[in-house]
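Asker: would you be able to build a 3D model of this:
(chains A and B)
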There are 2 protein chains.
Amino acid sequence: MVSPHNTNGNGPTPPKSVAHVRYELVTLGDELLLGLTANGHLTFIGAQLGRHGALLTRNVTITDEAEAIAAQFRESWARADVVITTGGLGPTCDDRTREAIAAELNQKLVRDPAIVEHIANRFAAFGRKMTDNNLKQADRFERGEVLANANGTAPGLWVEQGGKILIMLPGPPNELQPMFTNQVVPRLAARGLLSEGEAYVQIRTAGVGESLLETRLQPIFDRFGDALSVAFCAHTGAVDCRVSSPSGKLLHPQLEEIAAECAKLLGEDFVCYGHDTLAKVCANLLRAREKKIAVAETATGGQLAQAFTEVGGACKFFAGGVVCCTNDTKTQLLDVPECLLLQHSAVSEEAAVAMATGAAETLGAEFAIAVTGFAGETTGPGGNPVGTMFIGLFSPGGVWAKKLSYPGPRSTVKVRAVNAALDWLRRELLRLESGATITDRRSNVMR
Amino acid sequence: MVSPHNTNGNGPTPPKSVAHVRYELVTLGDELLLGLTANGHLTFIGAQLGRHGALLTRNVTITDEAEAIAAQFRESWARADVVITTGGLGPTCDDRTREAIAAELNQKLVRDPAIVEHIANRFAAFGRKMTDNNLKQADRFERGEVLANANGTAPGLWVEQGGKILIMLPGPPNELQPMFTNQVVPRLAARGLLSEGEAYVQIRTAGVGESLLETRLQPIFDRFGDALSVAFCAHTGAVDCRVSSPSGKLLHPQLEEIAAECAKLLGEDFVCYGHDTLAKVCANLLRAREKKIAVAETATGGQLAQAFTEVGGACKFFAGGVVCCTNDTKTQLLDVPECLLLQHSAVSEEAAVAMATGAAETLGAEFAIAVTGFAGETTGPGGNPVGTMFIGLFSPGGVWAKKLSYPGPRSTVKVRAVNAALDWLRRELLRLESGATITDRRSNVMR
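Answerer: All right, here's what the predicted structure looks like:
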């Protein structure tokens, strides 16, 4: 057993802070190099390590040829404290990852009867025939352990050797992800190579740019000097701020207090702690008030409805949505008067207001948001350039619209419009909760 | 100027086939290693190289510290023929990528007056003030060229030295992607390091598994022996087959003939040549007949509507969509009889048929598809397990429903259901075109 605190002759590892453990990730697969699949393992494992105080120092993606794997493993193993590999554990004859790495480690592969049984049981359960190839997946390192796979045949493999750790994980995300969270993280934490709990407290904000956010929060941060580490990350329409203390001078409860102080100072611009989406935060506010939301959209084409339906148990707060492409649909399904569309055009504040009202009434919801605009490549009629979006908000307190303009490609414009709509709804829900007057809320429109 | 065909003393490069040129991609940025952003550059550049006959051999992601960059560049430069870097060209003082790499190449950085002017003009156009930092972006290698950036301040950099090529690209995708397609690909092709045109012909299929597809097409492939290279790639519900001739024995027109023969043999299972989505293929068929499609969805929550609205000019063929969460919505917006939902449940073939019919009639479309089911984590009522989806199809020829069951996580189930719905619509459009009888089409339901 290797731990950064032991000092046996087999490879003494001096104690080091989690932030200084060198993690390397080797992702295998031609489908990544050919651009057929996004490298989701990097995103997932990078984020998981970050949440537990470690920074992935390198990710290498190579083809799954045995020679390339051996050469890359040798390099990473020499440099890193922990090497994680993904993929290459499949049953086909070209999956020679185990063999290539075993040779580098001077280890033998042994067939594990418990894994053989697990694989046989899975095949039986799905009524499929097992071939000899499949049994290759039952091979593990002679001096190594096995990470059980609840969702597939290939188990993960765990080796501690020469003061270093090797973790080999199967490629399918639904197999890798629970294995990483439930088995790898606790094992690494037990050896002092990851923080057991969350290493940082994250404040999610909306409606403030990164530099303004920094300026507003700096006076709080200044009080803690170099005991506090702060990192900002801007998404489309939202900025996250993470406070941590890599030196360990500030404990987690103190980080939580600092985050709470930031949240209080930010007021409505504070969205939540952690990683919830804007839609999830709105959903929680709606559920707490037992209210429902409906949506009507043109330019975002279903993306707003999807933001809500991605939240679990959406039926409890989401009344439904209408995706319109034509004026007929708006008139037919949302009772938007035809003359209004003719006079003001379908892309206007008036149309956004009428669509939001229509969605609330037709779908029987207390709240509704509507998005109409030009996200496409060409300039819209009426001189509104691409990136011009109108958002309508219907609430028990009234109905408003606002115009927004976004630069950037079509996909970015859509995400920004969806986030702006969700953020406006969130602020309205908060203001209703606080008993703000309609005049207060109207000022919200001006943002 | 370096080309694989020259043999000057400065670094002779023997002629080699495009498939053997060693390309390495170095992606810089902590946001990738922290899992905050997906590595889209790998996906994009990998696919682009693949389309032009080259295989990216390695992608390394590292932090943007100058030392790490220098060490990684040294390694990649020693190993590869072409090294591409992305990111690290920003104006902030911690972007020391240029300096680190210039030192490795024994080159000086020089300030380029043309870039200074370009940057100044961009700042003026956006009414922003330029700082000294921004001028750092006007630095290029003394023995190197510049790739103009139409969408940002930092130009790309191009160096040919010692028989190798270095290409440094800016991080924002909307700057990098047109630069790569319009400047990098033609330059590499001119030097014989990429194929000028598409290196393969891709046949996109749906409704056939990978191994069955291979079995059906093998007799065609066998006639061409090792002159032909075939690769399959399975997506959720679709399989692509790429035919190429890395040896150059078969020319592009011959590859097109082979692909056409495959397409003919596959009949309806053939979707298209190239990379069009199923929604795009349906859109083309609808536009050609001047017909419209409407959608009604529960479990896919807006994803089906989005598949259509992602296609440019969606208003021409997409009548609109309804996303329902409650029975009320189905009754209210789609005229689905309440008693039907009570008797058969909202997740049933009957409900799918009623929803498709309602969508077509309410939205005024000739065709409609409906999806209802359980994509979520828990088993639905009525004993239908998670992953059970019902698809309804309304067409001028009739209205049908079918039941599908998918294993896998929620997000996969949704994609599969959307693809199955689109594929069914596609087949129906083809059969109507060919004048097939209703009986023929009914057999379609059984698939």
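Asker: show me what the helix or strand hosting A:Lys403 is packed up against.
Answerer: Per DSSP states H and E, A:Lys403 falls inside strand A:398-405. Where contact means 3 or more Cβ pairs under 8 Å, 6 or more residues apart in numbering or on different chains; DSSP states H and E, strand A:398-405 is packed against helix A:349-363, strand A:388-395, helix A:410-433, helix A:438-445. The way it works is simple: take the backbone N, C-alpha and C, and place the C-beta from them, glycine included.
Asker: what's the least confident stretch among those?
Answerer: The weakest mean pLDDT among the helices and strands packed on strand A:398-405 belongs to helix A:438-445, with a mean of 51.
Asker: A:Glu24 contacts A:Asn59, correct?
Answerer: Yes: using Cβ atoms under 8 Å, A:Glu24 is in contact with A:Asn59, at 7.5 Å.
Asker: more crowded one of the two?
Answerer: A:Asn59 (26 against 21; other Cβ atoms under 10 Å in any protein chain shown).
Asker: report the contact partners of that one.
Answerer: Applying Cβ atoms under 8 Å, 6 or more residues apart in numbering or on different chains to A:Asn59 gives the contacts A:Glu24, A:Leu25, A:Val26, A:Thr27, A:Asn39, A:Leu42, A:Gly46, B:Leu32, B:Leu33, B:Asn59, B:Val60, B:Thr61.
Asker: now it. Its backbone dihedrals?
Answerer: Dihedral pair for A:Asn59: phi -130, psi 130, per degrees, to the nearest 10.
Asker: contact partners of stretch A:106-114?
Answerer: Contacts for stretch A:106-114 (Cβ under 8 Å, 6+ apart): A:98-99, A:102, A:135, A:138-144, A:146, A:159, A:161.
Asker: in it, which residues are buried?
Answerer: A:Gln107, A:Leu109, A:Asp112 (16 or more other Cβ atoms under 10 Å in any protein chain shown).
Asker: what bridges to the second one?
Answerer: It stands for A:Leu109. Note on A:Leu109: beta-bridge partners A:Phe141, judged by DSSP bridges.
Asker: can you pull the pLDDT of it?
Answerer: 94.
Asker: just give me the neighbour total for the nearest residue to A:Gly50 once chain neighbours are set aside.
Answerer: Distances taken as Cβ to Cβ, 6 or more residues apart in numbering or on different chains put B:Leu34 closest to A:Gly50, at 4.6 Å, once the chain neighbours are dropped. The local packing of B:Leu34 (other Cβ under 10 Å) involves 21 other residues.
Asker: nearest to A:His20, of the helices and strands packed on strand A:398-405?
Answerer: helix A:410-433 (36.1 Å; Cβ to Cβ).
Asker: mind listing what A:Arg143 touches?
Answerer: A:Arg143 neighbours (Cβ under 8 Å, 6+ apart): A:Gln107, A:Val159, A:Gln161.
Asker: pretty sure it is in a strand, no?
Answerer: No: per DSSP: H, G, I helix; E, B strand; the rest coil, A:Arg143 lies outside any strand segment and is coil.
Asker: who are the neighbours in contact with the nearest residue to A:Ile391 once chain neighbours are set aside?
Answerer: Leaving out its chain neighbours, the residue that sits closest to A:Ile391 by Cβ to Cβ, 6+ apart is A:Ala421, at 4.9 Å. Contact analysis of A:Ala421 by Cβ under 8 Å, 6+ apart lists A:Leu304, A:Ile369, A:Val371, A:Ile391, A:Leu393.
Asker: hmm, A:Gly302 and the third one touching each other?
Answerer: Which is A:Val371. No: counting by Cβ under 8 Å, A:Val371 stays clear of A:Gly302, with 10.8 Å between them.
Asker: relative to A:Ala296, how far out is A:Gly87?
Answerer: A:Gly87 sits 43 Å away from A:Ala296, going by Cβ to Cβ, to the nearest Å.
Asker: hmm, I was thinking of A:Val239
Answerer: Counting by Cβ to Cβ - A:Val239 and A:Ala296 are separated by 28 Å.
Asker: looking at the two now, which is surrounded by more residues?
Answerer: A:Ala296 (34 against 22).
Asker: dump the residue contacts of A:Gln202.
Answerer: A:Asp240, A:Cys241, A:Arg242, A:Ala259, A:Tyr273, A:Gly274, A:His275.
Asker: tell me which two of the residues you listed sit farthest apart.
Answerer: A:Ala259 and A:His275 (13.6 Å).
Asker: so if I had to pick from those two, which one is more boxed in?
Answerer: Set side by side, A:Ala259 and A:His275 show more neighbours around A:Ala259, with 20 against 11, by other Cβ under 10 Å.
Asker: hang on, the earlier thing: just among the contacts of A:Gln202, which is most surrounded?
Answerer: A:Cys241 (23 neighbours).
Asker: now it: closest residue in space that isn't a chain neighbour?
Answerer: Nearest non-adjacent residue to A:Cys241 (Cβ to Cβ, 6+ apart): A:Ile203, at 4.8 Å.
Asker: pop out the phi and psi values for that neighbour.
Answerer: phi -110, psi 120.
Asker: residues contacting it?
Answerer: Contacts of A:Ile203 by Cβ under 8 Å, 6+ apart are A:Asp240, A:Cys241, A:Arg242, A:Val243, A:Ala259, A:Cys262, A:Ala263, A:Leu266, A:Phe270, A:Tyr273.
Asker: sitting in strands, which of those do you find?
Answerer: In this view, the contacts of A:Ile203 that belong to strands under DSSP state E are A:Asp240, A:Cys241, A:Arg242, A:Val243, A:Phe270, A:Tyr273.
Asker: ok, the residue most central in space within chain A - contacts?
Answerer: In chain A, the C-alpha nearest the mean C-alpha coordinate belongs to A:His275, at 7.4 Å (Cα atoms, centre = their mean). A:His275 is in contact with A:Gln202, A:Arg204, counting by Cβ under 8 Å, 6+ apart.
Asker: kindly recompute the last result at 10 Å.
Answerer: Counting by Cβ atoms under 10 Å, 6 or more residues apart in numbering or on different chains, A:His275 makes contact with A:Ala47, A:Arg51, A:Gln202, A:Arg204, A:Asp240.
Asker: so the last one sits right up against A:Phe232, yeah?
Answerer: Looking back up the chat, that one is A:Asp240. Yes: if you go by Cβ atoms under 10 Å, A:Asp240 and A:Phe232 touch, sitting 7.1 Å apart.
Asker: shared neighbours, these two?
Answerer: What both A:Asp240 and A:Phe232 touch, as defined by Cβ under 10 Å, 6+ apart, is the set A:Thr205, A:Glu210, A:Leu213.
Asker: can you pick the most crowded of those?
Answerer: Greatest neighbour count in the shared contacts of A:Asp240 and A:Phe232, by other Cβ under 10 Å, goes to A:Thr205: 25 neighbours.
Asker: now do the SS call for that residue.
Answerer: strand.
Asker: that one contacts A:Cys272, doesn't it?
Answerer: Yes: A:Thr205 lies in contact with A:Cys272 (Cβ under 10 Å); the separation is 9.3 Å.
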